[in-house]
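>>> okay, here's the prediction I keep looking at, along with the sequence it came from:
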Amino acid sequence: MTSEASAPGPGVPVVGAGSVTDRAAAWSWRLEDADGRDLVAARTLGEPPAFARRFDAEVWLGARWRGLARGGVARAGLRRGDHPVGEPLELPLERL
């Protein structure tokens with residue numbers, strides 16, 4: 001994963017229980033194509049929401065991964081602010 005992705009911008013709503021006073025503490029997803037390109041930075045996709053809790057971010061992806069995969073997202077990397085958290089998750093088309 002490259003460092004070109006940034007924390008959610010000021011226009012991105014932070015959702016979920018609890019408030020985020022520091023945007024660097026928000027949970028968000030970096031959505032990548034099969035080549036590892038950030039689809040939000042490439043303006044292929046709109047920026048996903050940021051979340052106050054990791055749980056809410058994971059629930060959001062769990063509810064939407066099939067549609068994201070159909071739209072060209074091959075991997076989703078969880079981030080806290082600017083920092084990746086673990087390895088990106090594969091969104092395999094063959095499971096649709």
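The structure has been received and is ready for your questions. The structure displayed is predicted, hence computed values, not measured ones.

>>> now do the contacts for the residue nearest the centre of the chain.
For the chain, the residue nearest the mean C-alpha position is W29 (1.2 Å; Cα atoms, centre = their mean). Going by Cβ atoms under 8 Å, 6 or more residues apart in numbering, W29 touches 48, 57, 60-61, 76-79. All C-beta atoms are positioned from the backbone trio N, CA, C, and that covers glycine.

>>> now do 10 Å
5, 8, 40, 47-51, 57-58, 60-61, 64, 68, 73, 75-79, 88-89 (Cβ atoms under 10 Å, 6 or more residues apart in numbering).

>>> buried subset of these as a PyMOL selection?
PyMOL command restricting the contacts of W29 to the buried ones, with burial defined by 16 or more other Cβ atoms under 10 Å:
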select buried, resi 5+8+40+47+48+49+50+51+57+60+61+64+68+73+75+76+77+78+79+88
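
>>> now, the contacts of W29 that are in helices?
57-58, 60-61, 64, 68 (DSSP state H).

>>> tell me where this protein is predicted with low confidence.
Flagging of the chain using pLDDT under 70 yields the residue ranges 1-23, 95-96.
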